[in-house]
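# Provided below are the primary sequence and the corresponding predicted coordinates.
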Amino acid sequence: MKDLRDGEKPNAGVTLAGEGQSGRAEKAATEGVDQGCGSSAPSGMNSDGKPSDKAQASDSAETTNRASRPGRRRRRRRKSASKSGGSSAMAALSGSSNPATPQQPETESAGALAARAESGKRPAGKSRRRRRKSGREIQGRPLARQQGAGAGGASGDTQSVEARPNGHATVATGGVGAAQNALRPAPRGQYDDLYAALDLGTNNCRLLIAQPTRPGQFRVVDAFSRIVRLGEGLDATGELSAGAMDRAVEALKVCAGKLRNRPVRRFRLIATEACRSARNGAEFLERVTRETGLELEIVTRETEARLAVAGCSSLVGRDTDGLVLFDIGGGSSEIAMIDLTENRSNRLANHIKAWTSLPVGVVTLSERHGGCTVTREIFEAMVAEVDGLLSAFAPPPMPAFTGRVDARMHLLGTSGTVTTLAGLHLDLPRYDRRKVDGLWLSNSEVDLMLDKLLSWDFDARAANPCIGADRADLVLAGCAILQSIRKRWPSQRMRVADRGLREGLLNEMMAADGVWRTRGRNPRHRNHRPGPGTKP
């Protein structure tokens, strides 16, 4: 008795060891007698015991029909290498039943032949794995020099891949296999579509380089942030000081180097309140262009408010009817009222119903009232000053804010003030953006953090890892602006956003280029693309 794996078709009435005769086998065994074959000999044999040519033809036809059945679909999908290995072993095994096929040597056992046949098969019950397509680069790893045999079996041909700044690559080949290697497509560059956004504010200089991924999202490739305090002394003198400009220029030189080292396709560089209100703001930007090669544009307060909203659009849920988004900066604070009750769209900036920009920020307010030593009386004085500025803002009535103080309306803050409160609430040993961005804080939790900060002196604030010495004299001024906003728009909860103008710039540039509407990130699938290094 032979095993099915030996490649030989068993007789109709033969069963495997330890198993009963199957229904198909019984049917095949009995149909030969019922149909009047004239003998009860096994299928495929004449009455004298010799193989029948007719039976061999019917067996091959039956084998063909079985291969075309849905149950045999997996066998047809086998790779060519597996087919060649499996078919050769099966042909060798079937030689015992086919007179035209030479017999295998007797020194090789049937078990070894079965093992060889099984080597070209996939084990039963295993799921099919997708194999990596040839020529595809492993993400994040450069292709190394490869060696292989060329045409005609010659070895020693080499292939090197040279990356280009625009994200493409050239293939240099040599040896006999040069013609075949020249036809292979060049692998994609690691960064094919990079966008950059720079925000020079009153207190910080920030740069973000990112690559679009899924719709509405991007992956950060490089980032830079440094406290420069460009607006230091601006409120008293009306001009940017020499030391502040020197610090800003040094930080911008670092940003210029990062932009030169990356194949950035599109970028936008902006300056905000410090350069906007200073008398020598234009002269400072000319110096920046001479020494760094960067051309910054001064944006209006309305543009700044829209960019802040665009940067936080992914943090607004579908269950929100209205929100007050605020950005507490170094020299100004932007506030936008957003109503989502009618004709909601994906672009959050389209739903701004009213906005205002307060000419006060953490730097200007701390310089007026003192930021190192802040008592509760000084803190209340800062809150009262911001209350007076907010009283002049009279927005129109909106359905989302008319007599409603519930869970469908909330505050959304994007600034260093609210992220500091979130870090204190989580008691982080070191600031972690992943844990802070998108965090919800209740009214009672915000009040608890404010009381804790007011109870600390300057040294205690500087020692906290979420504040540091650079911001120890500014954090309470930002808390005063936040407290005034909470008084004007009471809400049961507030969401923290560790994002702002840079993310808004990136979202607008990517949306304008339609990178999320096209299929994939391949540049060949896009139309109307700007050249490398162009501004919007």
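Yep, it's here. Residues are numbered from 1 along each chain as shown.
# what segments of the stretch 251-400 of the chain are strands?
Remark: strands assigned in the stretch 251-400 of the chain by DSSP state E, counting those that start in this stretch are 264-271, 297-298, 322-328, 333-339, 352-358.
# of all those strands, which one is nearest V221?
The closest approach between V221 and any of the strands of the stretch 251-400 of the chain, judged by CB to CB, belongs to strand 264-271 at 9.6 Å. All C-beta atoms are positioned from the backbone trio N, CA, C, and that covers glycine.
# A helix includes L441, no?
No. Secondary structure of L441 (DSSP: H, G, I helix; E, B strand; the rest coil): strand, not part of a helix.
# excluding its backbone neighbours, what's nearest D457?
T373 (7.6 Å; CB to CB, 6 or more residues apart in numbering).
# do the same with R247
V228 (4.4 Å).
# that neighbour - how many residues pack around it?
For V228, the count of nearby residues is 24 (other CB atoms under 10 Å).
# in the stretch 351-500 of the chain, what residue spans correspond to helices?
Using DSSP state H, counting those that start in this stretch, the helices of the stretch 351-500 of the chain run over 362-369, 376-391, 416-426, 433-436, 443-455, 458-463, 475-488.
# I'd like those helices as TSV, with distance to L207 appended.
Listed next are these as TSV, based on distance: least, CB to CB, whole Å:
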stretch	distance to L207
helix 362-369	20
helix 376-391	30
helix 416-426	17
helix 433-436	16
helix 443-455	29
helix 458-463	26
helix 475-488	22
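# closest one to S277 among these?
helix 362-369 (9.6 Å).
# helices or strands up against that closest one?
In terms of contacts (3 or more CB pairs under 8 Å, 6 or more residues apart in numbering; DSSP states H and E), helix 362-369 is packed against helix 234-237, helix 376-391, helix 475-488.
# TSV for those, including mean neighbour count, distance to A274 and mean pLDDT?
Formatted as TSV, these follow (neighbours: other CB atoms under 10 Å; distance: least, CB to CB, whole Å; pLDDT from 0 to 100):
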stretch	mean neighbour count	distance to A274	mean pLDDT
helix 234-237	17	6	90
helix 376-391	15	19	95
helix 475-488	23	16	96
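# just list the residues touching the residue nearest to R247, thanks.
Contacts here follow CB atoms under 8 Å, 6 or more residues apart in numbering; on that basis V228 touches 203-205, 244, 247-248, 251.
# which ones among those residues lie within helices?
Cross-referencing those against helices under DSSP state H gives 244, 247-248, 251.
# so where's the stretch 251-400 of the chain uncertain?
Nowhere does the stretch 251-400 of the chain drop to pLDDT under 70.
# distance to S484 and neighbour count for the contacts of V228 - can I get that in JSON lines?
Conversion of the contacts of V228 to JSON lines gives the following (distance: CB to CB, whole Å; neighbours: other CB atoms under 10 Å):
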{"residue": "N203", "distance to S484": "19", "neighbour count": "22"}
{"residue": "N204", "distance to S484": "22", "neighbour count": "20"}
{"residue": "C205", "distance to S484": "27", "neighbour count": "24"}
{"residue": "A244", "distance to S484": "27", "neighbour count": "21"}
{"residue": "R247", "distance to S484": "30", "neighbour count": "18"}
{"residue": "A248", "distance to S484": "29", "neighbour count": "25"}
{"residue": "A251", "distance to S484": "31", "neighbour count": "22"}
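# want to throw those residues into TSV with distance to L323?
What follows is the contacts of V228, written out as TSV (distance: CB to CB, whole Å):
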residue	distance to L323
N203	25
N204	24
C205	29
A244	34
R247	35
A248	33
A251	33
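# just the residues you listed now: which is nearest R486?
Closest to R486 out of the contacts of V228 is N203 (22.1 Å), distances taken as CB to CB.
# you'd agree the closest one is up against A477?
No. N203 is beyond contact range of A477, at 10.9 Å (criterion: CB atoms under 8 Å).
# who touches both of these two?
Shared contacts of N203 and A477, defined by CB under 8 Å, 6+ apart, are found at 361-363.
# so can I have TSV of those showing distance to S345 and neighbour count?
Shown next, in TSV, are the shared contacts of N203 and A477 (distance: CB to CB, whole Å; neighbours: other CB under 10 Å):
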residue	distance to S345	neighbour count
G361	31	30
V362	33	29
V363	36	29
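# and the helix or strand that contains L505, what's buried?
Secondary structure from DSSP states H and E places L505 in helix 501-513. Buried residues in helix 501-513, counted by 16 or more other CB atoms under 10 Å: 501-511, 513.
# which strand residues bridge I298?
Residues in a beta bridge with I298, per DSSP bridges, are A271.
# now do the contacts for it.
270-272, 275-276, 281, 285 are the contacts of I298 under CB under 8 Å, 6+ apart.
# once you drop chain neighbours, what's closest to E273?
G331 (3.5 Å).
# what about the one you found, how many neighbours?
If you count neighbours by other CB under 10 Å, G331 ends up with 25.
# next one: I352
Neighbour tally, I352, other CB under 10 Å: 16.
# contacting residues around it?
Going by CB under 8 Å, 6+ apart, I352 touches 305-306, 309, 336-338.
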